[in-house]
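Trainee: Have a look; sequence and predicted model below, questions after that.
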Amino acid sequence: MGHLIGYFLIFLARVTDVSMATIRTIMVVRGRKVTAACIGLVEIVIYVLAISRVLGNMDNPYNLIAYALGFSTGNFVGITIEEKMAIGSLIIQVVTKNNANEELSQHLRDKGYGVTCTEGFGREGRIYVLNIVVDRKNFKEVEKIVSEFDKSAFTTVQDVRNIRGGYFKRRIKKK
């Protein structure tokens with residue numbers, strides 16, 4: 001029974017520290033230095049404890065298996081947590097040939113999103129390019145709205161590191 005608990009602890013330690021590494025990396029990319037440093041401190045302590053258990057018992061292959069399973073599971077868990085946190089902003093660029101672009105732009109504005117629309121010319125003639133900056137947590141909502149107005153719209157999405165000025169959907173404070 002003691003061996004099973006040891007394997008589980010190695011597995012759990014790796015799931016935890018690899019998940020934390022994923023979140024720490026996102027914090028680094030977003031420029032959140034202090035948060036990234038604090039996460040890194042806890043992450044490395046857990047990592048050293050787990051690796052010392054494995055290296056101290058190299059004759060036991062189950063420690064290595066628990067370590068490897070924890071690593072792979074930690075990647076999955078870390079990405080899932082990051083998706084749920086939805087930290088940061090995105091630029092959604094919508095290219096449409098549809099003349100409903102004014103209706104789409106107005107509908108998005110009515111929902112509280114800032115939209116910049118530019119007219120251009122593509123291979124098949126006149127196009128409209130809508131640029132919408134949104135919090136990541138609102139991406140699915142905007143994607144659904146765009147699809148309702150123009151199922152054939154060409155959409156690209158980019159991560160944004162820094163934003164200054166402009167109009168953004170107001171956050172409603174919960175009481």
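Mentor: Arrived safely, thanks for sending. Numbers count the residues shown, from 1 in each chain.
Trainee: Please read off the pLDDT at residue 167 from the model.
Mentor: Listed pLDDT for residue 167 reads 62.
Trainee: got it, and residue 12?
Mentor: The model reports residue 12 with a pLDDT of 95.
Trainee: So it belongs to a strand, correct?
Mentor: No: under DSSP: H, G, I helix; E, B strand; the rest coil, residue 12 falls outside any strand and is assigned helix.
Trainee: Distance of it relative to residue 144?
Mentor: Plainly put, residue 12 is 38 Å away from residue 144 if you go by C-beta to C-beta, to the nearest Å. To be clear about C-beta, it is placed using only N, CA and C from the backbone, and glycine gets the same treatment.
Trainee: Okay, now the sheet partners of the longest strand seen in the chain, with direction.
Mentor: If you go by DSSP state E, the chain has its longest strand at strand 125-135. Note on strand 125-135: by DSSP bridges, its sheet partners are strand 89-96 (antiparallel), strand 115-122 (antiparallel).
Trainee: which secondary structure elements does the helix or strand that comes right after it contact?
Mentor: Next along the chain after strand 125-135, taking DSSP states H and E as the criterion, comes helix 139-149. For helix 139-149, the elements it packs on are strand 89-96, helix 101-110, strand 154-160, judged by 3 or more C-beta pairs under 8 Å, 6 or more residues apart in numbering; DSSP states H and E.
Trainee: and the longest strand of the chain, which residues are buried?
Mentor: Neighbour-count burial for strand 125-135 flags 127, 128, 129, 130, 132, 133, 134, 135 (criterion: 16 or more other C-beta atoms under 10 Å).
Trainee: how far away is residue 41 from residue 34?
Mentor: Separation of residue 41 from residue 34 (C-beta to C-beta): 11 Å.
Trainee: more neighbours, these two?
Mentor: Comparing residue 41 with residue 34 by other C-beta atoms under 10 Å, the one with more neighbours is residue 41, at 11 against 8.
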